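Enquirer: Structure for this input, please:
(2 chains)
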Amino acid sequence: MNRLRRFFRTPEAIAGANTLALLIVMALAAPLLFPGDPQAIAGPALLPPFQDWSLPLGTDRLGRDVLAELFHGARTSLAVGLAAAAAALLIGAVVGTLAGFAGGLIDEALMRITDAFQTVPSFLLALAFVSIVGPSLGVVVAAIALGAWTGPARVARAEVLSIRERDYVAGARVIGMQPMEIAFREVLPNALPPVLALSSVIVAAAILTEAALSFLGLGDPNRVTWGGMIAEGRAVLRTAPFLSIVPGIALVLTVLGVYLAGEGVVESSAVRRSLS
Amino acid sequence: MTVLAVSDLTKRYRRGGKPFAAVEAVSFEIGQAQTLALAGPSGSGKSTIARLVLRLLEPDAGRIEFEGADFLALSGAALRARRAKLQMVFQDPLAAFNPRATVARVLDDPLRIHGIASHTERPHRIAALLERVGLDAGLAQRAIHEISGGQRQRVAIARAIATRPSLIVLDEAVSALDVSVRGRILELLLDLQSQERIAYLFISHDLGVIRAVAHRVVILDAGRIVESGDARAVIADPQSAIGKALVAATPRLNRNRP
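Expert: Prediction:
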C-alpha cells in the first residue's frame, strides 16, 4: 500500500499510469464496444472525423470505422509490446545469469553472441526475421524479442557477478545444492530488480518496432495495427491527414504512458531501497 | 579417530603481478568431537583455510583427508553428496542466507537435497531442528530478515546440523554477535558437540572465546603456522611474537572452559 502511494507521488507516474489504464480499458473493451470485424466496411469512404456521430472518427479509404480500428489496434500494440518485452527479459535474464554464474568459456561464448546481436541494428534484425519466417503475431513478437534481449542480459550478468561472491551463495554450495539450482533459484531472483527496471523502455521500443513493421506491411495481416493504419493513411496524406494522425497520436501517447509509468516504478523502488 | 587431516595446504594469489601465498604449507588434524581453533590477525589466512577445507576454493598444493578419504579427489555429484558431512557457519548471519528466504526454506533445502526426510516429514524435522537450537518452532514461517541476529545464527547452526555432519567450520561465527548472545551460542555449540560428537574448526581472532571452546589452537601469521598446541597452554604462555600480541590484545582471559 505504501509502495503504491509512493508510486503515485510524482505527476509523471500519475499521467503514465492513467494513460496506460485508459489503453488497457480500450484494449479490453474493444470487442464489447465494437463487436464484429473492425476491418469490415461501416460507411462511406473517407468520412472526416466529427461528421457522423455513429462514426465519430470517420472512415478510411475503404469505409472502415477508424475508432473501431483504433480500439482493436490497442489490443495488438499492447499484446505485442508486453509479450515481446516479457520474452526479451526472460531470454536476457537466463543468458545473463548463465554467463555470470558459469564464468569462463561459457561466459565468453554467451557474451560474444550477445555482442553479435547487439551490433546488428535490432530493427533490421526484426525486419529480416519477419521477411524470412512470414508475418504473424507470434513471429513479430519473436522478431522484436530477438533484438531486445541483449540489454537485460548485460544487466543481469553484471548483477550476478556481484551476487555470486556473497556468502549465501557459498552457503548454498556448502549444503550441496546443484549449480543450476543455485543459479536460478538463489541468484537470479535477487538479480532481477535492475533488469526489470529496463522493462518500460523495452515495452515502449517493442510497441514502436511493431508499428514500424506493420507500417512496412510486415505485421500480422489479419489484425488491425496502428502501424498498418498509418501506412493505409499515407496514400491519402494530403486529402485525409487524420487517417495517419489519429493512430500516430495513439502511438505517441502509448509509448509516453509506458515510459512514464515505468519511470514512476523505478523511482518509487529507488526510494524504497535507500530507505532500507 | 581423525575426522579431518590437512597437510601442506597451499594457496597462492597474484597481487600486483607478484605471487604471494595466502596459505603456505599448513598442516593440522582434527579428531572426532574435538575443536581446533585457528587464530591470527586479519589477513593471516584463517578464512582462506576455511574455504579451502570446504572446497569453496581449490588449493594449489597439499592434501585434505576427510574421514579417511581424499576429499580433493571428489567432484560433481560425489562432492555434493559428501558435503552433507562437512558444514559451515558464517560470520555475518544476515549475509549467509538468501535475502528472500524464510526460516523454513533455509532448513528445508539441506533436508531435501540430501534426501534426509520425505516431503511430508520435513516440516516436523524443521520444527525439531529449531527446537534443538533453542528456537520456537513457530519461527519457521518468518522471513530471515525479520528475526534477530542471534536467532539467525541459531538458524545457521540448525542448517549446519540438519545433515548430521561430522565437522562444522565456524568462520568467526560468534564475532558479529553481542556479548550476551555470544555466550549462549557458545554454550549451544558445546552442547551439540558433546551430544552429536561433532568436530569444530573454529576460526576466531578472539582468544577469550577460543580458550572457552577449543581443545587445541593453531596460530597463523601471513599464511603460515607460527605456533600450535593445547589451547589453554598456548594462551597461558605463547611462544611466538604473534601469539604474544594476540594474548596482549585480549581483554579478559579469566573465563574457564565450562
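Enquirer: Tell me the residues on the stretch 51-200 of chain A that lie near chain B, please.
Expert: By the rule Cβ under 8 Å from any Cβ of the partner chain, the part of the stretch 51-200 of chain A lying against chain B is A:166-168, A:170-178, A:186, A:189-190. For the C-beta atoms, the positions are set from N, CA and C on the backbone; glycine is no exception.
Enquirer: just how off-centre is the longest helix out of those in chain B within its chain?
Expert: Secondary structure assigned by DSSP state H gives helix B:179-196 as the longest helix of chain B. Remark: helix B:179-196 is offset 13 Å from the chain centroid, using Cα atoms, centre = their mean, to the nearest Å.
Enquirer: again with stretch B:109-118
Expert: Chain-centre distance of stretch B:109-118: 21 Å, with Cα atoms, centre = their mean.
Enquirer: likewise stretch B:195-214?
Expert: Counting by Cα atoms, centre = their mean, stretch B:195-214 comes out at 9 Å from the chain centroid.
Enquirer: how long is it end to end?
Expert: With Cα to Cα, to the nearest Å as the measure, stretch B:195-214 spans 16 Å from end to end.
Enquirer: Is there proximity between that stretch and chain A?
Expert: No. Residues of stretch B:195-214 contacting chain A under Cβ under 8 Å from any Cβ: none, with a closest distance of 12.9 Å.
Enquirer: now swap in stretch B:165-177 and tell me
Expert: No. Residues of stretch B:165-177 are not located near chain A by Cβ under 8 Å from any Cβ, the shortest gap being 8.5 Å.
Enquirer: Quote the end-to-end distance of that stretch.
Expert: From its first residue to its last, stretch B:165-177 covers 24 Å (Cα to Cα).
Enquirer: Stretch B:104-122 now?
Expert: Across stretch B:104-122, first to last residue, Cα to Cα, it's 9 Å.
Enquirer: From the chain's centroid, how far away is it?
Expert: 22 Å.
Enquirer: cool, stretch B:129-144 as well?
Expert: Stretch B:129-144 has its C-alpha centroid displaced from the chain centroid by 21 Å (Cα atoms, centre = their mean).
Enquirer: at contact distance from chain A, anything in it?
Expert: No. Shown here: stretch B:129-144 not in contact with chain A (Cβ under 8 Å from any Cβ), separated by at least 9.3 Å.
Enquirer: In that stretch, which residues are buried?
Expert: B:129, B:130, B:132, B:133, B:134, B:135, B:139, B:140, B:144 (16 or more other Cβ atoms under 10 Å in any protein chain shown).
Enquirer: In helices, which of these appear?
Expert: Checking the buried residues of stretch B:129-144 against DSSP H, those in helices are B:129, B:130, B:132.
Enquirer: Which one of the residues you listed is nearest to residue B:94?
Expert: Using Cβ to Cβ, residue B:130 is the member of those that lies nearest residue B:94, at 18.3 Å.
Enquirer: hang on, the closest one packs against residue B:108?
Expert: No. Look at residue B:130 against residue B:108 with Cβ atoms under 8 Å: they stay out of range, at 11.9 Å.
Enquirer: where does the stretch 101-250 of chain A dip in pLDDT?
Expert: Scanning the stretch 101-250 of chain A for pLDDT under 70 picks out nothing.
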